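Enquirer: sharing a model prediction with you, sequence too.
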Amino acid sequence: MQYQYQSVAKLYFIAAIGLFVGQILFGLIIGLQYVVGDFLFPEIPFNVARMVHTNLLIVWLLFGFMGAAYFLVPEEAERELHSPLLAKLMFWVFLIAGALTIVGYLLVPYAGLAQMTGNELLPTMGREFLEQPTITKIGIVIVALAFLYNIGMTILKGRKTAISLVLLIGLLGLALLFLFAFYNPDNLVKDKFYWWWVVHLWVEGVWELILGSILAFVLIKTTGVDREVIEKWLYVIIAMTLITGIIGTGHHYYWIGTPEYWQWWGSIFSAMEPIPFFMMTVFAFNMVNRRRRNHPNKAALLWALGTAVMAFLGAGVWGFLHTLAPVNYYTHGSQITAAHGHMAFSGAYVMIVLAIISYAMPLMRGRKAAGSNRSQIVEMWSFWLMTVSMVFITLFLTAAGVLQTYLQRYSDEPLPFMVVQDKIEIFYWLRELAGVVFLIGLILYIVSFFVGNSDPEAGAGVEESA
Amino acid sequence: FPLALAHVRKTVSPSGYRGLRAFDSLSLARSEGIPGRRSMPQFNFSDEDLDALAEFLKYTSEIDTAGWPPNIQG
């Protein structure tokens, strides 16, 4: 670790992993509720458990992004973090606000939560992923502003690199677009139109800038390839992201009451959204092939390459499968959506956070470059368990979705929703099984931080390549 | 499991949406659900809540969604 206060990232990463465990536990709860409909009813009904699952996902990824920034920006800017105290303070503010919100979801009926948090003064509750009380949302804005100030000042007074600037633009975009969560029109069509300005422009927009810059950082560190080469790739990748993804927002505007020209704009532009992900995959493998060193942290490299591949498959390929309007007409809101969503989020954002943690944690715990062989082996096992089980979750949900789409939407004799749900039950059970394997992988991941700590570091690979 | 309905009456919401309303504190409460089936919480809606909900759903149903969904099953 080059700068002392890169260590604040450790707090953020630990919270991220803790919340990740919570997210998966609740994922297993709702997965079971699909097939045992009254599991934990009425104490934790499906709608509440689902809110906990999705909100935890977003919050732990935000902790992960912030930790990533606190770690890599000082190194890129070649100076200490502007205010470690502010970073630690905001950590606790965010964690406590987040925990209270989740507890609120679980302990208080939602209408009561709205009332007790003064939602009627500025109503922002009640929309998917944006279920947080208005006061929580305001807290998020404050934490984001403090974070951007801290990172911004660090960069401003230090070396400006493509990586830190792309990361900053991505994070700035994240914060600004979140403001649309406060815009809640009465008109339902406008409500949905602007909702996507948070969700789509996050995950198919500015979050890709965050992903790209973190990936570039990990690759520079682990391969030793020239910065100029990596930075050039990064600029091309984010350019393609924005060119395809901004108008590509239109693929969410097919059936919500907007004009029908969106079926054309959305289909054409979003069909190209896999391109930056394909480029990221080629880029990652290319850098590793051209590497100038065999970095001892094999696990981090595995996460980095895995991120590129799974992001391309989940976001790019599975996204493409249902992005064209004539297909989407039949698959809209089906288990195809769930299949894509899980692999995309996991491949792109879960894995890049795990990749930066994998790279940074050994350094923050006093290692020179990497953990011991033993800890890396456990960690790599966790990678394969989580990755392969996610592939199976996706395949099972895809099968469920294809059958569902055919029986309920495409067939000449369409069947009712619940009748179809009964017919695809087997896939839900298989998905749940895969989900349990995912949890085992996650537990192993945590175990990897506790094994081999007194073993020596893994050495570099054989000779360094020319 | 019997749905213990004290009485059922015909009702008309402010915009003229016609339906049925069941008045009973036991019906659809937790233990009256079908075991193992997906279950919906008891929200304890007031008459005003129900009227507002019916109005909202009627408004939603009248939005032009370019022919989606493909059929009545949704």
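Expert: Okay, I see it.
Enquirer: hey, let's count contacts and neighbours off CA atoms from now on
Expert: Fine.
Enquirer: so which helix or strand takes in the nearest residue to residue A:6 once chain neighbours are set aside?
Expert: Nearest residue to residue A:6 in three dimensions, chain neighbours excluded: residue A:71, at 4.7 Å (C-alpha to C-alpha, 6 or more residues apart in numbering or on different chains). Secondary-structure assignment from DSSP states H and E places residue A:71 in helix A:46-77.
Enquirer: tell me the angle whichever helix or strand comes after that helix makes with helix A:46-77.
Expert: Sequence-wise, the next helix or strand downstream of helix A:46-77 (DSSP H and E) is helix A:84-107. The directions of helix A:84-107 and helix A:46-77 differ by 170 degrees, with axes from the mean of the first three to the mean of the last three C-alpha atoms, to 10 degrees as the criterion.
Enquirer: so which elements touch the helix or strand just after helix A:84-107?
Expert: Per DSSP H and E, helix A:84-107 leads on to helix A:110-116 as the next helix or strand towards the C-terminus. Helices and strands touching helix A:110-116, as assessed by 3 or more C-alpha pairs under 8 Å, 6 or more residues apart in numbering or on different chains; DSSP states H and E, are absent.
Enquirer: state the mean pLDDT of stretch A:93-109.
Expert: Mean pLDDT, stretch A:93-109: 97.
Enquirer: which parts of it are buried?
Expert: A:93, A:94, A:95, A:97, A:98, A:101, A:102, A:104, A:105, A:106 (16 or more other C-alpha atoms under 10 Å in any protein chain shown).
Enquirer: could I get those residues as TSV with distance to residue A:50?
Expert: Converted to TSV, the buried residues of stretch A:93-109 look like this (distance: C-alpha to C-alpha, whole Å):
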residue	distance to residue A:50
A:93	24
A:94	21
A:95	20
A:97	19
A:98	16
A:101	14
A:102	11
A:104	14
A:105	10
A:106	11
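Enquirer: helix, strand, or coil at residue A:368?
Expert: Per DSSP: H, G, I helix; E, B strand; the rest coil, the secondary structure class of residue A:368 is coil.
Enquirer: number of nearby residues for it?
Expert: Using other C-alpha atoms under 10 Å in any protein chain shown, residue A:368 has 13 neighbouring residues.
Enquirer: which residues sit in contact with it?
Expert: Contacts for residue A:368 (C-alpha atoms under 8 Å, 6 or more residues apart in numbering or on different chains) come out as A:1, A:362, A:457.
Enquirer: equivalent analysis for residue A:271, please.
Expert: By C-alpha under 8 Å, 6+ apart, the neighbours of residue A:271 are A:248, A:320, A:323, A:324.
Enquirer: distance of it relative to residue A:223?
Expert: For residue A:271, the distance to residue A:223 equals 32 Å [C-alpha to C-alpha, to the nearest Å].
Enquirer: residue B:66 too?
Expert: 51 Å.
Enquirer: these two - which one has more neighbours?
Expert: residue A:223 (19 against 16).
Enquirer: sec struct for the residue nearest to the more buried one when sequence neighbours are not counted, please.
Expert: Nearest residue to residue A:223, sequence neighbours excluded (C-alpha to C-alpha, 6+ apart): residue A:291, at 4.5 Å. Under three-state DSSP, residue A:291 falls in the coil class.
Enquirer: for chain A, what's its nearest residue on chain B.
Expert: Closest residue of chain B to chain A, C-alpha to the nearest C-alpha: residue B:38 (3.5 Å).
Enquirer: the residue nearest to residue A:223 and residue A:220, how far apart?
Expert: As judged by C-alpha to C-alpha, residue A:291 and residue A:220 stand 9 Å apart.
Enquirer: let me see the contact set for the closest residue to chain B within chain A.
Expert: Ranked by C-alpha to the nearest C-alpha, the top residue of chain A for proximity to chain B is residue A:37, at 3.5 Å. By C-alpha under 8 Å, 6+ apart, the residues touching residue A:37 are B:35, B:36, B:37, B:38, B:39.
Enquirer: quick check, it in a helix?
Expert: No. Counting by three-state DSSP, one finds residue A:37 to be coil, located in no helix.
Enquirer: now it, nearest residue through space, not along the chain?
Expert: Closest residue in space to residue A:37, ignoring its immediate chain neighbours: residue B:38 at 3.5 Å, by C-alpha to C-alpha, 6+ apart.
Enquirer: contacts only, for the residue nearest the centre of chain A.
Expert: Geometric centre of chain A, nearest residue: residue A:349, 3.0 Å, by C-alpha atoms, centre = their mean. Shown in contact with residue A:349 (C-alpha under 8 Å, 6+ apart): A:61, A:211.
Enquirer: sec struct for it, please.
Expert: Classification of residue A:349 using three-state DSSP returns helix.
Enquirer: which pLDDT value belongs to it?
Expert: pLDDT, read off for residue A:349, is 98.
Enquirer: try residue B:7
Expert: pLDDT, residue B:7: 47.
Enquirer: can you check residue B:3 too?
Expert: On the pLDDT scale, residue B:3 is placed at 42.
Enquirer: what's the answer for residue A:60, then?
Expert: Here, the pLDDT recorded for residue A:60 equals 98.
Enquirer: output the one helix or strand residue B:59 maps to as PDB, nothing but the C-alphas.
Expert: Assigned by DSSP H and E, residue B:59 belongs to helix B:47-61. Extracted C-alpha coordinates of helix B:47-61, given in PDB (Å, rounded to 0.1, in the frame of the first residue of the first chain):
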ATOM      1  CA  ASP B  47     -63.000   2.500   1.600                       C
ATOM      2  CA  GLU B  48     -61.200   5.600   0.400                       C
ATOM      3  CA  ASP B  49     -58.000   3.600  -0.200                       C
ATOM      4  CA  LEU B  50     -59.900   1.000  -2.200                       C
ATOM      5  CA  ASP B  51     -61.700   3.700  -4.300                       C
ATOM      6  CA  ALA B  52     -58.400   5.400  -5.000                       C
ATOM      7  CA  LEU B  53     -56.800   2.100  -5.900                       C
ATOM      8  CA  ALA B  54     -59.700   1.200  -8.300                       C
ATOM      9  CA  GLU B  55     -59.400   4.700  -9.900                       C
ATOM     10  CA  PHE B  56     -55.600   4.300 -10.300                       C
ATOM     11  CA  LEU B  57     -56.000   0.900 -11.900                       C
ATOM     12  CA  LYS B  58     -58.600   2.100 -14.300                       C
ATOM     13  CA  TYR B  59     -56.300   5.100 -15.200                       C
ATOM     14  CA  THR B  60     -53.400   2.600 -15.800                       C
ATOM     15  CA  SER B  61     -55.600   0.400 -18.000                       C
END
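Enquirer: what parts of chain A come near chain B?
Expert: Contact residues (C-alpha under 8 Å from any C-alpha of the partner chain) of chain A with chain B: A:33-39, A:41-42, A:45, A:188, A:254-258, A:260, A:329-330, A:408-410, A:414-417.
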